[in-house]
Every structure is written in C-alpha cells, then in structure tokens.
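Undergrad: Here is a sequence together with a model predicted from it:
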2 protein chains.
Amino acid sequence: MKVFTTHELPQECRKMLGEELTQDPSDIINAEVIMGWPTELSNLVSRAPKVKALQTFSAGVESMDFSVLPKSVKVFSNAGAYSLPVAEHAWALILSLAKKVGKRARGESYLISGKTLLVLGAGGIGSKVARIGRDGFSMKTIGISRSFKDPEAFHERYSYREVENHLGRADVVVNALPLTKETRNFLNWERLSKLKDRSIIVNVGRGETVDREAMIKLLRERPSIRFGTDVFWRKDGKENFDDPIWELDNFTGTPHTAGADATREALDAAMVAACTNVARFLREGKADNEVRIEDYI
Amino acid sequence: MKVFTTHELPQECRKMLGEELTQDPSDIINAEVIMGWPTELSNLVSRAPKVKALQTFSAGVESMDFSVLPKSVKVFSNAGAYSLPVAEHAWALILSLAKKVGKRARGESYLISGKTLLVLGAGGIGSKVARIGRDGFSMKTIGISRSFKDPEAFHERYSYREVENHLGRADVVVNALPLTKETRNFLNWERLSKLKDRSIIVNVGRGETVDREAMIKLLRERPSIRFGTDVFWRKDGKENFDDPIWELDNFTGTPHTAGADATREALDAAMVAACTNVARFLREGKADNEVRIEDYI
C-alpha cells in the first residue's frame, strides 16, 4: 500500500514503511494511507480516491473537517505520542504556579507533596501526569475519564458525570481533556466555583474545554486560586496567545509549546509513533487510536 | 532547663518544651537553650551566661557570628526542616527553565525524563531533590557530597573533589550546598565550563557557592544553558534580589522564597522540627544537626 506523508519523516520510518512511503504530491492519487496534520488530511482526501486511512501527527484531531471524509475512511490519531513531554509540561505549570517562579515580587508558595491531584482525562497524558504526582510527590490521585490508559496511576477513578463530587477535594486540577462535543466548556462556572481556596488549575488539553469568562471571573474573585495553561481559546480559528488573561497575577502560561512544536526530540519521537501505527495498519488492517468520528460531528 | 525563643512557636512546641519555654526577654539571663534565627542567636549569647546550646530556625547558619560564641556552646541547625518545600522549589525552577514557563515568546522545551541529574550536597534537600528525579521522572541520579542523608536516592555517589569528572555528564545540576569555607565559589569557571550544551543549573543552596561572574559569562556565551536560582549573591550583607542577571533570557528566579519565608505551612513545620530537636537535647544532652564550627571560622 502506498503511504503519502506531508512532511519529511525520521529515518526509522523509512525502515518501517519501506518503498511504499512517498512525499511526492503526484503519488497522492494512488495513496491508500495519508500521514499529516489534521487540516492537511481533510484538505487532501478529495484528491486521494484510493485512501483507506488517515494518520495524524498530532494527538488532537478536532481541527480536521470530518464532514468531507468518505464513510469508509478510518482516522487514526497520534494520541499518547506526546504524553511524556506534555505531562512534564503540566508539572512545569503546576510548580511554577505553586512557587511563583519568574515573578520578582515575593508571593506565597504552596506545598504540593501529599496533597490531592485531580486529573481530567486519563489517556496517555493524564495518566503520566498522575504517575508523576503519585510517585514523585506522594499525592493522592483521582482520575475523571471515559477510559483509563493506566488505571494504576489513580487511587480513585470516576466518570465525567461524577466530576461535581470531586472538584472540591482537589488541591491541584490538571485538565488533559480532548476537545469533543461532550467536553466543550467542561469546566464551566458551576464546576469551577466548587474549587477550594489555594487550588491550582492547569490546562494542557484544549482551550475550549474551559469556559473562558468563568475562569477569568474565578481568578479575579478568588486570588488565592492560580491557573496556568499551555492551550488558548481560539479567535478566528487560531489560538490567541495574546489573551488578556496574561495580565492577571494568578495566571501563567506558555504558547502551546508542550507537545509537537516544542522540541525536535519530542516531535521526532511522535512521528516515529505515527509510523509504527501505520506499519501496523499495513500489516493487520487495524491500528491504535482509531477516532470515533461521531464524537466530533 | 529554661528555653528562650525569639519568636512565637506553634502550639505543639509548648507541649514538647513545657513550662520552661519563655519568650520574655528578662528570662534570657537564665536561658540554657536559645532558639532563633542565626544573627539573633549570636547577638543574644553575651546576655545569656548559662547558655549551653543554640538552635536555629533556619537550615543555613553561615550568617551567625561564630567568633562571639564561648567554646562550650553547641550550635544546632535546622538542616532538613525545609527539605520538602525547598526540593519542590528546586523542581519548580528546573521545569520552568526546561519549558520556558511564563515567557510569552516561543522557546525550545527540553525533555527531563530519563536524563541525568547531578545533585551537589546530599543532605535533606539534595536527597529529596534526587528522590523526585528518580521516582517522578525516571532520572539517573548522581550525588556529590560530604555525607549522604538518603544514599538510596542516588544511583552514584562521589565526594566533593570528584565533581570535575561528573559535571559534563549532567543534563540537570541542582546545587543544594551549604555555604562553608570549602563551598564558597564551588561552581567556578573551571567547573562551569565543563557543563554540556542544553544543561539546566538550579541553585537552592546559597548564592556564594556559585561564582557570579563565571555564571554570567557562561549564560552569555552559551545560550542553550539555562540557570535558575532562589538564592542571590549578597551585597552589603543582604541578598541582592535585583541582580542584573534577571535580564538574561536563559535565567529565571525567585526571591529566596523556597523555605521559611514562603509559606506559613512550611515555616510552622520547620519550627516544630526545631522544637523536637531541642526537646531531645533537654532529654539526652545531645541532638541532631550539630554544627561543626570549624567549617565556618
């Protein structure tokens, strides 16, 4: 099967995918698998009549236009490929907020060890965030998720609809939710207002899983609560890294640098993960991380 | 034995030290133990003819004037009492530097998991820093120290004079050295120049254990190296938190907020640790953390 990729891949991929791997645009018409970023994939699909599967380089797929895909096309995300760098990044945000790093003014530090960590979304990233909390900082870990990639990372596990009962128990909340119909504005005012004083909230999922106005209201009304994010709310289709939320003293952030864009090292590893998944599809006709399209349209 | 304290202590201390605990200055003349911050203790000792022991609230004792102490007086530091908050703080600096938290401009992220962590000074703080690296981030941990409080936290252990052989192996260096005659300018140019590109250095010991000019030269000449500190070089006897080093893009810091000053929670726990040590001295005539005065004069 011909595999077309929109970007140059690491050496290891050529070994896995062999002669059938091409980056030549004239080969798209014969491609049965296409690898690329989500918007590239939905743009290319009409030019690839033989395509059976799309493999994204990214973990999130919500920017793909699912309405243009023929029903027979399977979509595989790269979920889990950035788990380690993104989990480290979540911890960088947690600890920066707890210790007010980079602020020359003195601010109160919060202790983290032994406290309670609530993780929203227990896929690869969320599970790794919990492991670091449990093993590195002796935290009690609670997971809220549809499914658990590493159940052992959590002392307690609950479904999405049970979240209301546990938000008020958390000293640290890490949001690693994908953006789906179900998770848009998941952290709304009703839920955010259950958080306790001196809690820390970190978002490494997608901006829109948090209600922006509710979060700003929370940070203004309750200054002991601190929020850090790597993902921003979209404006005209693009993440707005210049959001005025930066002006708040109980906020810190990074401009979506946790995953792919941040380091060649992490991006190479993620591309190899995508290739490994495609190699499996070529061999077995199935692969990991098949996207449930009904979650998006 | 009368125990005089310069500051109000948590409730638990009164239970441990009982009726003999006083904060009344007229009791200093009868005090056999005095608890306080280092400079307070050396100032008070001439007014306390019966004093046998001094217990500091701080972990470091280098600001005490040892020349005024009668030979018979034992000095006990509060080493270890801030291990947990300071170790967390070191990790906040490491991860903030690795992920460029709080900087709105995009910068390259460094991965931490699985890399090599070199810890200078393996007392309470250094050992806890290593544990977090080993258990939380699967790092290889190397300790350089005179003694090891928790040897198991380190995969490899070496003495001060072996440091030259290991600096070039480290991806992350955490300096948790006390300031003694031996450790002043411990990280000098010769040693700093052995560090590899993209390494991260964090100081939670004392400013003067790092050669300031050498560090600034290193950060200017090799921008992939990043440095973060909670402790600053003294100017006219006081830590200068407005050091121009803040202007460097590969620097981040906090104004000595890792330990006592940062959080009531950490300070209360540290005062209870000091009281526990004094209670042991009252009972047994000996206690932990006896300072070797020859290290300071």
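TA: Thanks, I have it. Everything numeric in this text was worked out from a predicted model, so none of it was measured.

Undergrad: does A:L218 sit in a helix, a strand or a coil?
TA: helix (DSSP: H, G, I helix; E, B strand; the rest coil).

Undergrad: dump the residue contacts of it.
TA: By C-beta atoms under 8 Å, 6 or more residues apart in numbering or on different chains, the contact list for A:L218 reads A:W189, A:L192, A:S193, A:L195, A:I225, A:F227. Yep, even glycine has a C-beta here, placed from its N, CA and C like the rest.

Undergrad: at 10 Å what do you get?
TA: By C-beta atoms under 10 Å, 6 or more residues apart in numbering or on different chains, A:L218 lies in contact with A:L187, A:W189, A:L192, A:S193, A:L195, A:S199, A:I201, A:V210, A:D211, A:I225, A:F227, A:N250.

Undergrad: ok, of these, which one's closest to B:K74?
TA: Closest to B:K74 out of the contacts of A:L218 is A:S199 (43.4 Å), distances taken as C-beta to C-beta.

Undergrad: So that closest one versus A:D150, what's the distance?
TA: For A:S199, the distance to A:D150 (C-beta to C-beta, to the nearest Å) stands at 24 Å.

Undergrad: and what of A:W233?
TA: 29 Å.

Undergrad: sorry, back to before: out of A:S199 and A:D150, which sits in the busier spot?
TA: Per other C-beta atoms under 10 Å in any protein chain shown, whichever of A:S199 and A:D150 has more neighbours is A:S199, with 25 against 16.

Undergrad: for the residue of the stretch 51-200 of chain A found nearest chain B, helix, strand, or coil?
TA: For the stretch 51-200 of chain A, the residue closest to chain B is A:G136, as judged by C-beta to the nearest C-beta, at 2.0 Å. Under three-state DSSP, the three-state class of A:G136 is helix.

Undergrad: Shouldn't A:R191 be within a helix?
TA: Yes - under three-state DSSP, A:R191 sits within a helix.

Undergrad: Which residues are in contact with it?
TA: Contacts for A:R191 (C-beta under 10 Å, 6+ apart) come out as A:L120, A:V163, A:E164, A:L167, A:G168, A:V173, A:N185, A:V210, A:D211, A:A214.

Undergrad: how about 7 Å then?
TA: A:V163, A:E164, A:L167 (C-beta atoms under 7 Å, 6 or more residues apart in numbering or on different chains).

Undergrad: So which of these wins on neighbours?
TA: That'd be A:L167 among the contacts of A:R191, by other C-beta under 10 Å, with 22 neighbours.

Undergrad: Name the nearest residue to that residue, ignoring sequence neighbours.
TA: A:K194 (4.3 Å; C-beta to C-beta, 6 or more residues apart in numbering or on different chains).

Undergrad: If I look at the one you found, what pLDDT would I see?
TA: Looking at A:K194, its pLDDT is 98.

Undergrad: So it, which state does it fall into?
TA: When classified by three-state DSSP, A:K194 comes out as coil.

Undergrad: Let me know whether it touches A:R169 as I believe.
TA: No - with contact defined as C-beta atoms under 7 Å, A:K194 does not reach A:R169; the gap is 9.5 Å.

Undergrad: is it fair to say A:S26 lies in a helix?
TA: Yes - using three-state DSSP, the assignment for A:S26 is a helix.

Undergrad: can you list the residues of the stretch 51-200 of chain A near chain B?
TA: Residues of the stretch 51-200 of chain A lying near chain B by C-beta under 7 Å from any C-beta of the partner chain: A:84-85, A:88-89, A:91-93, A:95-96, A:98-102, A:104, A:106, A:108-113, A:132, A:135-137.

Undergrad: one more time with 8 Å
TA: A:84-85, A:88-89, A:91-93, A:95-96, A:98-113, A:132, A:135-137 (C-beta under 8 Å from any C-beta of the partner chain).

Undergrad: No further questions, thank you.
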